Every structure is written in C-alpha cells, then in structure tokens.
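**Q** prediction below, plus the sequence it came from.
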Amino acid sequence: MSTKNSVRLALIGAGRIGSSHAELIARHVPGAELVAIADPTPSGERLADLLGIDIAETSAAAILARADVDAVVITTPARTHTELVVAAAEAGKHVFVEKPMAITLADADRAIAAAGAANVVLQVGFNRRFAAGWIAARAAIDSGRVGTPQLLRSVTRDPGPFTADPARIPPGTIFLETLIHDFDALAFLNPGASPTRVTAIADALIRPDAKADGHLDTAVVTVEFDNGAIAVAEANFSALYGYDVRAEVFGSGGMVTAGNARSSDMTYYGPGGIGVDTARRDTDLLRDAYLGEFVAFVNAIREGTDAPVTGQDARTALTVALAAMESAATARSVDIDATGFDA
C-alpha cells in the first residue's frame, strides 16, 4: 500500500533475477512500493499481473518518463547497464543496478558522473556485503580481532550440472559477471586497501569443446593489495552439490570465514549416512542478502545518504575483472594504478 513516505520503484528487466527482486521489493521491503515493470517481452506483463502491479511498459524510456517513479531497479543484460544508469540519473531517478555497473572503465566513469551530477543515489548489486556471515566477518576485521589481513580467499561455484549453451554466454562472463562478486567481496573484507597486481588463469574444463570460441568456465585469480595482503578468487560454473559461495580472511591475529552451500543448518542422520541439503540457486542461498541490499537502498533514498555500495566500489571490482581478463589472455601479471591498469 502506498504511503506518503513510500519510495516508488520501477523494475527494468523481468528476467530470472529481476523477477526475484520484484517479489522481494513488492512484498518485503519496508517503505518501498513497486509501482511499475518494464520489459520488451511478455514476461513484464506476466510479472506485473502476478504481483498486482497496474503499470507494465515495454520500454525503459516509458518508465523513466513517469513522474510517479522515484527510483529504478535495473536487471537487464550487463551490456545495457551503463546507458540505463545514465538515462535514469538524467531523468532524476535514484538507481539500483545489478552488477556489473559497466563493462569498461570509461562507462563506469560515465555512470558515476551522471549520478553525481543528478544528485541521485547509485547503488550496485553486490549482495554478499549484506549476507550475515560477511557482515560478521567485516565486523571482526574492523574491530581488530583478525589483526592485519594477510591471506584472503573468495569462492563462487555455480550449481551444476552446467546445461547452458556456451555460444550464448558473452566472452569474459566468468570475470565480469561471476568473479566480479568475489573481487568486491575481497575489497570489502580488506578495508582501506587497494588492489595493485592481478594474475589470472582460466580454462574451459567443463566444456573444453567451447574454448576455441572464447568460452571460459573455470578460473583462479590472485589479487595483490597495497597493504601486503594476497588474495585468491576462484570460480567454476558447475558444482554438482549446489550453489557454493564462501570467503576467508587470515590475519596476524586470527581468521574468519563466511558462507557455505547449505540451504539450512539441518543435518540428516539416516541409514545411508549423514547428509545436508544444499542450495540450488543464488536467490535461495542469499535471499536475506538480496533483501538487505534493497532495504539499504530504500533507506539511503529516504534518509538522503550515500548508498552502502557505491559506483566507485563497482569501478574497483571492474578494474580487477578487466585486469584478470587481460592477464588470462596474455599469461602475465597485470599492474593496477589509481585509475585503472596498465594494458
């Protein structure tokens, strides 16, 4: 129900993740009202009907022209994000955009500049920052219990078996859309430090037949930071046991870990042994984190504060992703400076 202080949001992009976000916003985010959905396919109208939303448009432009929309949630394909962020900011709308915010540093700078010029909130969808384990790990690091971070690790393993068509996966996806979560998580868990060097190895171990066309489904990336910490991020597209995301920070004073593949803390003991249930989708394993990021976005709009995950945070993760792509392609380490990396 609309109230005087509700933030009126519109969804742009009604695919799998957009549909999940829409349900959370419409039913579970205090102070938010989902008022419109835009998608060029019938998915948008079907989602609007399911959630009882009256406005279903086929274009983002129609949404951005509406005076009854305060903010937009952009969940379209990655390569459309920057133009939509810029257009939304120029229309005076606050912006939540799924990662990656951009796929080039120049585009990242355009998005940041547009939001700054319009004085709108710009938040990027790095959900792990809002997961309970990562929040607790960061608190332990901030309080000094871990000491100085020395070794960090972040893992993303998508649930298998892998059934996607590699030809439909854009080159660089494992870095730009999967590992980019890990690169942001490493920065979040190593506060105040900046990445300085990236070394990446990647291959097509799940679908070797697709490697010649540029498909990569397995990668390991080493990230060196200016505080001396050394981090490793790894990704694979086919974990047969479920969706698996984890992090670890080892420091001079101790260690923290976060995350696992379990869908609950239930353990089954039976005649076949001991087992646990695992999550099969990110929207199941990280549902509370997704909810948390939208609550934070709405609160930032209502309170007039900066987003907890900024465009600059997204730019930092993108810088590492692009350096990793360069490293994997050239079989050499890539140095990063304050503005980007030395290609």
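**A** Great, that's in hand. Numbers count the residues shown, from 1 in each chain.
**Q** nearest residue to residue 281 other than its sequence neighbours?
**A** Excluding the flanking residues, the one nearest residue 281 by C-beta to C-beta, 6 or more residues apart in numbering is residue 243, at 6.1 Å. Heads up, the C-betas are built off the backbone N, CA and C, glycines and all.
**Q** residue contacts, the one you found?
**A** Applying C-beta atoms under 8 Å, 6 or more residues apart in numbering to residue 243 gives the contacts 157, 158, 159, 261, 278, 279, 280, 281, 282, 284, 285.
**Q** relative to residue 36, which of those residues is nearest.
**A** residue 282 (25.1 Å; C-beta to C-beta).
**Q** what's the spacing between the residue nearest to that closest one when sequence neighbours are not counted and residue 215?
**A** Leaving aside its chain neighbours, residue 282 sits nearest to residue 243 (5.7 Å; criterion: C-beta to C-beta, 6+ apart). In this view, residue 243 and residue 215 are 21 Å apart by C-beta to C-beta, to the nearest Å.
**Q** and what of residue 291?
**A** For residue 291, the distance to residue 215 - C-beta to C-beta - is 33 Å.
**Q** so between the two, which is more surrounded?
**A** Counting neighbours by other C-beta atoms under 10 Å for residue 291 and for residue 215 shows that residue 215 has the greater number, 24 against 17.
**Q** so that one: helix, strand or coil?
**A** For residue 215, the assignment made with DSSP: H, G, I helix; E, B strand; the rest coil gives coil.
**Q** residue 288 - that's part of a helix, no?
**A** Yes - the assignment for residue 288 (three-state DSSP) places it in a helix.
**Q** show me what contacts it?
**A** Contact analysis of residue 288 by C-beta under 8 Å, 6+ apart lists 130, 131, 132.
**Q** next step: those restricted to helices.
**A** residue 132 (DSSP state H).
**Q** among the contacts of residue 288, who's most crowded?
**A** Most neighbours among the contacts of residue 288, by other C-beta under 10 Å: residue 131, with 23 neighbours.
**Q** quick one, phi/psi of the residue nearest to residue 282?
**A** phi -80, psi 130 (degrees, to the nearest 10).
**Q** what packs against the helix or strand of the chain with the lowest mean pLDDT?
**A** Least confident helix or strand, the chain: helix 282-285 with a mean of 86, by mean pLDDT, DSSP states H and E. Judged by 3 or more C-beta pairs under 8 Å, 6 or more residues apart in numbering; DSSP states H and E, the packing partners of helix 282-285 are helix 16-28.
**Q** contacts for the helix it packs on, please.
**A** If you take C-beta under 8 Å, 6+ apart as the criterion, helix 16-28 is touched by 9, 11-12, 14, 32, 34, 37, 39, 43, 47, 51-53, 73, 75-76, 98, 283, 287, 290-291, 294.
**Q** follow-up on the earlier one: JSON lines for the contacts of residue 288, including distance to residue 140 and pLDDT?
**A** Formatted as JSON lines, the contacts of residue 288 follow (distance: C-beta to C-beta, whole Å; pLDDT from 0 to 100):
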{"residue": "130", "distance to residue 140": "17", "pLDDT": "97"}
{"residue": "131", "distance to residue 140": "14", "pLDDT": "96"}
{"residue": "132", "distance to residue 140": "13", "pLDDT": "96"}
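**Q** circling back: state the pair within the contacts of residue 243 that is farthest apart.
**A** Spatial extent of these (C-beta to C-beta) is set by the pair 157 and 284 at 14.7 Å.
**Q** the more surrounded of those two?
**A** Ranked by neighbour count (other C-beta under 10 Å), residue 157 and residue 284 place residue 157 first, with 21 against 14.
**Q** what residues are up against that one?
**A** Counting by C-beta under 8 Å, 6+ apart, residue 157 makes contact with 235, 236, 238, 239, 243, 244, 245, 261.
**Q** just the ones in strands from those, please.
**A** Among the contacts of residue 157, the residues falling in strands (DSSP state E) are 235, 236, 238, 239, 244, 245.
**Q** filter the residues you listed down to the buried ones.
**A** 235, 236, 238, 239, 244, 245 (16 or more other C-beta atoms under 10 Å).
**Q** among the residues you listed, which one lies nearest to residue 126?
**A** Comparing those against residue 126 with C-beta to C-beta places residue 245 closest, at 12.0 Å.
**Q** hang on, that closest one packs against residue 128?
**A** Yes - the criterion here is C-beta atoms under 8 Å, and residue 245 meets it with residue 128 at 6.9 Å.
**Q** hey, what's in contact with both of those two?
**A** Shared contacts of residue 245 and residue 128, defined by C-beta under 8 Å, 6+ apart, comprise 181, 259, 286.
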